[in-house]
Each structure stands twice: as C-alpha cells, then as structure tokens.
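In: here you go, sequence then predicted model.
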Amino acid sequence: MHLKPLLLALLLAATGCRQTTRSDDQADGGPPRLEYPRVVVGAGTSCLLDAAGRLSCWGRQPASHQPPPRAFALVDFEARWCGLERDGTLSCWPTAEMNDVGAFPPGRYLAVSTRWTRACAIRLDRTLICWGNPEAGMTNSPSGLFQDVSVGPSHVCAIRADGTLACWGESNAYGQASPPPGRFVQISSGALMSCARNADNRVACWGAKESFGSIHNRQAHSVHAGWKHTCVIELDGTLSCAGTDDDFSHPPPGRFVQMDMGVGHACALRADGTVACWGRDEHGETKPPGG
C-alpha cells in the first residue's frame with residue numbers, strides 16, 4: 001500500500017510517536033485526530049486504519065467482524081473489536097460475541113484497549129473503567145487519572161496522569177504485574193511480561209526475561225509486548241524482536257514508523273507507506289493487498 005506525498009511527509013514527522021498518541025487540544029474533546037495511517041493487528045486478521053478513519057482488512061474476516069460504517073480515530077482488537085470515533089464515542093463489535101464482555105459503560109473516551117473477553121477505556125476526564133469477564137481481577141481497575149492503558153491476556157497495566165505505572169490482575173507468576181518505579185509515556189502488556197517507554201525513549205520490561213531479552217533498557221521509538229515475544233521500533237526506524245516465539249524472530253528489513261502485534265503475527269508501516277507483516281499466516285494475515 002502506498003501513500004500520497006502529503007501523508008508520507010506526515011509519517012516521517014511522526015516517526016517518534018508513541019503507540020497511542022494523546023492530545024489535550026482536541027476541539028471535540030475526543031481522541032486525537034488521525035494524521036497518518038496505522039496498522040492494527042488481531043487474531044488472524046490485519047488492518048490498515050487510514051487517515052480518514054476507514055478500516056481496510058485482510059486475513060480472517062467473518063461477516064460478523066465487519067466494522068460499523070463510521071470513521072474511527074482509534075481501533076483495538078484481538079478476537080473482539082472496539083473503536084473510538086473522533087468525538088470519543090465508543091463502539092464494540094461483533095455485538096453477539098461481545099455479550100461475554102458485557103455492555104461497555106456509557107460516556108465518551110480518549111483511549112480503549114481490548115483483549116479477548118475484557119476491555120479497558122480512559123474517559124474524557126481521564127478516569128479508567130474496565131469491563132468484561134471478571135476472572136483474574138482484571139476488571140478491578142484502580143482509581144485516579146490515567147493517560148494510557150494496555151490489556152494483556154492475564155493482567156492490565158496503565159500509565160497514571162503523572163507518568164507512574166499501575167498494573168493489576170491475579171496472574172503475576174513472572175512479575176509481569178509488578179511494574180518498576182519511574183515515569184513513562186507508553187505501555188504494552190504481554191502474556192508473561194510488560195514493557196514501557198519513558199520520555200527519553202528508554203524501554204523498561206519486567207516479568208519473564210526470556211520473553212523480552214535484550215529489549216530491556218534499549219532506546220526505541222515504541223515497544224510492543226506480545227504473548228512470548230517483544231518487538232521495538234529502533235531509533236533509526238528498524239525493527240528488533242526478542243523472545244521465545246519463533247513467529248516473530250525475523251522481522252522484515254526497512255525503516256518503520258508504527259507497528260502492532262497479534263497472537264501469532266505482526267505488521268508494521270514503513271516510512272514509504274508500505275505495510276509489511278510477518279509471523280504465522282493461517283488466513284493470509286501477513287499478505288497485505290499490494291504488499
């Protein structure tokens with residue numbers, strides 16, 4: 001997929017962006033306006049969210065998973081989907097399969113993160129709400145104000161308004177829900193580990209060390225924790241991955257500005273506007289149109 005020159009310039013300017021950009025100067029009070037495309041990856045499916053907020057997907061695409069006809073500023077999914085419109089309106093689908101997650105609370109939001117049967121979202125007032133399957137204590141969100149949240153398979157981590165970290169959930173066998181001190185700007189929760197990046201682009205990871213290896217203490221533009229593997233976009237735009245999942249061991253070459261990880265595959269957006277995916281390819285999820 002190739003982008004127009006204007007979008008390419010915006011992509012290059014956004015190289016240092018974090019995984020979920022926040023902005024306090026949005027005229028409509030919702031999530032930030034999309035100024036460049038983003039890849040979004042779930043279980044057996046990959047998508048590109050373009051600058052106009054439209055989703056185009058490849059891989060596994062059941063009819064019930066087709067997004068509603070709306071323009072989104074942010075989309076997150078694994079097996080179930082949630083998206084935020086520009087005004088902060090939240091939609092989750094497919095409706096039938098979201099029943100085991102439960103109806104999400106009314107209101108408008110800045111951010112949303114979902115994993116299987118649970119989801120968390122940050123309201124416009126920056127309070128945090130989680131809902132869905134209450135097992136493992138993952139829906140028992142702490143009080144306070146927050147700026148970012150990432151739902152993992154068995155725990156949740158979030159960044160408070162002051163930059164400090166909070167993690168919760170009953171699964172902490174590897175220390176993945178015991179964050180370090182410090183102030184951070186991006187968070188990513190995996191299965192056996194969690195990672196965060198600070199304002200100096202320094203990455204901190206905790207939990208099962210074999211799941212992140214040399215990624216800990218590295219400088220990077222963004223960090224992404226998966227099930228048993230962790231990847232970063234290096235300061236020069238190249239990809240690096242470490243962990244025990246061979247599906248992620250060989251990321252593609254090139255310079256990238258944004259990426260997302262699924263259960264068995266990942267996709268990343270190059271500075272020239274092309275999408276590259278790697279990992280398991282059971283449904284064509286690593287074969288973007290035109291790629």
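Out: Now that the structure is in, tell me what you want to look at. Numbering: from 1, shown residues only.

In: in this structure, which spans are helices?
Out: Remark: helices assigned in the chain by DSSP state H are 5-13.

In: what segments of the stretch 51-200 of the chain are strands?
Out: Under the criterion DSSP state E, counting those that start in this stretch, the stretch 51-200 of the chain carries strands at the ranges 55-59, 72-77, 81-85, 90-93, 109-115, 118-123, 128-132, 146-151, 156-160, 165-168, 186-189, 193-197.

In: buried ones in the last one?
Out: Same thing as strand 193-197. Residues of strand 193-197 classed as buried: 193-197 (neighbour count, 16 or more other Cβ atoms under 10 Å). Any C-beta I mention is one placed from the backbone N, CA and C, and that applies to glycine too.

In: about what we covered before: please identify the most buried of the strands of the stretch 51-200 of the chain.
Out: Ranked by mean neighbour count under mean count of other Cβ atoms under 10 Å, the strands of the stretch 51-200 of the chain are led by strand 193-197, which reaches a mean of 29.

In: with distance to residue 223 and mean pLDDT added, can I get the strands of the stretch 51-200 of the chain in JSON lines?
Out: As requested, these are arranged in JSON lines below (distance: least, Cβ to Cβ, whole Å; pLDDT from 0 to 100):
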{"stretch": "strand 55-59", "distance to residue 223": "24", "mean pLDDT": "94"}
{"stretch": "strand 72-77", "distance to residue 223": "16", "mean pLDDT": "94"}
{"stretch": "strand 81-85", "distance to residue 223": "22", "mean pLDDT": "92"}
{"stretch": "strand 90-93", "distance to residue 223": "26", "mean pLDDT": "88"}
{"stretch": "strand 109-115", "distance to residue 223": "15", "mean pLDDT": "94"}
{"stretch": "strand 118-123", "distance to residue 223": "19", "mean pLDDT": "93"}
{"stretch": "strand 128-132", "distance to residue 223": "21", "mean pLDDT": "90"}
{"stretch": "strand 146-151", "distance to residue 223": "10", "mean pLDDT": "97"}
{"stretch": "strand 156-160", "distance to residue 223": "12", "mean pLDDT": "97"}
{"stretch": "strand 165-168", "distance to residue 223": "13", "mean pLDDT": "97"}
{"stretch": "strand 186-189", "distance to residue 223": "6", "mean pLDDT": "98"}
{"stretch": "strand 193-197", "distance to residue 223": "4", "mean pLDDT": "97"}
